[in-house]
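J.: for reference, the sequence and a predicted model appear below.
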Amino acid sequence: MIDPVTFWTTTLALGIGTFLIRFSFLGFLGRRTLPEWAMRHLKYVGVAVLPALVTPMVLGPALTGGALDPVRLISALVALGLGWRFSVIWAIGGGMATLWLLQALL
Amino acid sequence: MSNVPAPDMKRAFWAGWWACAPFVFAAVPFGVLFGVVARDAGLDLLETMAMSIVVIAGAAQFTALALLVDQAPVFLALAAGLAVNLRMAMYSAALQPHLGHARLWQRMAMAYLMVDQAYAVAGQHFEVTPVMHPMDKVAYYFGAVLLICPLWIVATFTGAVVGNAIPPALSLEFAAPICFIALFSSMLRSLPHQVTAGVAVIAAILFSGLPTGVGLICAAFAAMLAGAETERRLALRSGGAK
């Protein structure tokens, strides 16, 4: 059981901290414009953060010396290919369908 | 400035709303899963809902909750949750050139509702749409967040109430990585973008020993530098060829 005081302290502080992280540049810079080199870097934020976020989720225990789950790896690669060649909806639908199909077969 | 079309905020709002619509199929299962996991961890309905409403950040909620279940001290659960959310400072910086002109209360609402899907959809749209009225950008962003965020809360509620009636064979936990893959795979349209994604994957593996969230930020930062440097070199090369 999680103690209620612990829970509420963590949740409220996490909410406030997360808000400040999200507000940071958008909130405090306002209208000021960033230099050209900064803009060139910021263009790649999404395509840098998301693969780095996904990689441990897909590889999972394999990163700490455990076994690689081929079903997850294949489903992730299918989603990647479909998203790249077709669209977002194909990536989500195809990725989950591949996962369920392989889980049913293997 | 004369080339910028007149604002049509209603149209921009619904364009953002529809652009985010496919992610409903991934965000909803993830939210449902959070509801189920939170109730399993012993949270009551109010506590479960409070977490999804106050934080609205799936990965951080799961991280903090897992640590609390392990009886970790508050500061550790908090630090891990915040580290997972540090990526959003990068989103905030990337959106600032497009949305920084908005009023303070609008920027506060934008910050509260800033989720991966909305950032990715709106940021990419602003980048590939060279002329867009500043007010339309604001409307587009709100269209994107106002679909995903309320559904996140409804999905958490559904999971918290329905609970263990959901078969584990559905593997709802895999909806999150699939969603993020869908988000970035559609961004791989140029060589610098592809280099960025490749470096991000390799760096994430190399930095996987670092604490949760810290490795993510280091990997993302390295990848961002690689992408911008690739763009700069390509521009030099094509400039030199002329």
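T.: Cool, the structure landed. Numbers count the residues shown, from 1 in each chain, chains lettered A, B, ... in the order given.
J.: how many residues are close by the nearest residue to B:Trp14 once chain neighbours are set aside?
T.: Leaving out its chain neighbours, the residue that sits closest to B:Trp14 by Cβ to Cβ, 6 or more residues apart in numbering or on different chains is B:Gly143, at 6.0 Å. Every C-beta, even on glycine, is put in place using the N, C-alpha and C of the backbone. Look at B:Gly143: counted by other Cβ atoms under 10 Å in any protein chain shown, it has 24 neighbours.
J.: same deal with A:Leu34?
T.: A:Leu34, neighbours per other Cβ under 10 Å, totals 17.
J.: who's in contact with it?
T.: A:Leu34 is in contact with A:Leu42, B:Ala93, B:Gln96, B:Pro97, counting by Cβ atoms under 8 Å, 6 or more residues apart in numbering or on different chains.
J.: ok, B:Gln124 next?
T.: With Cβ under 8 Å, 6+ apart, B:Gln124 has these contacts: A:Gly46, B:Ser186, B:Met187.
J.: how about 7 Å then?
T.: The contact partners of B:Gln124, by Cβ atoms under 7 Å, 6 or more residues apart in numbering or on different chains, come to A:Gly46, B:Met187.
J.: buried residues of the helix or strand containing it, list them for me.
T.: Using DSSP states H and E, B:Gln124 sits within helix B:116-128. By neighbour count on 16 or more other Cβ atoms under 10 Å in any protein chain shown, the buried set for helix B:116-128 is B:Asp116, B:Gln117, B:Ala118, B:Tyr119, B:Ala120, B:Val121, B:Ala122, B:Gly123, B:Gln124, B:His125, B:Phe126.
J.: check stretch B:215-235 too.
T.: In stretch B:215-235, counting by 16+ other Cβ under 10 Å, buried: B:215-224, B:226-231.
J.: which residue does chain B bring closest to chain A?
T.: B:Ser185 (2.8 Å; Cβ to the nearest Cβ).
J.: now the helices for the chain?
T.: Let's take chain A. A:4-29, A:36-42, A:45-59, A:70-85, A:88-105 (DSSP state H).
J.: nope, chain B please
T.: Taking DSSP H as the test, the helices found in chain B are B:9-20, B:24-40, B:45-55, B:58-69, B:74-85, B:87-99, B:104-112, B:116-128, B:134-162, B:175-185, B:191-206, B:214-241.
J.: deepest in the core, which of these is it.
T.: Across these, the average number of neighbours (mean count of other Cβ atoms under 10 Å in any protein chain shown) peaks for helix B:175-185, which reaches a mean of 27.
J.: tell me the angle that one makes with helix B:24-40.
T.: 150 degrees (axes from the mean of the first three to the mean of the last three Cα atoms, to 10 degrees).
J.: what packs against helix B:175-185?
T.: Under the contact criterion of 3 or more Cβ pairs under 7 Å, 6 or more residues apart in numbering or on different chains; DSSP states H and E, helix B:175-185 touches helix A:45-59, helix A:70-85, helix A:88-105, helix B:24-40, helix B:116-128.
J.: using CSV, lay out these together with mean pLDDT.
T.: Formatted as CSV, these follow (pLDDT from 0 to 100):
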stretch, mean pLDDT
helix A:45-59, 88
helix A:70-85, 93
helix A:88-105, 90
helix B:24-40, 86
helix B:116-128, 90
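J.: nearest to B:Ala6 among those helices would be which one?
T.: Nearest of the helices and strands packed on helix B:175-185 to B:Ala6, taken as Cβ to Cβ: helix B:116-128 at 18.0 Å.
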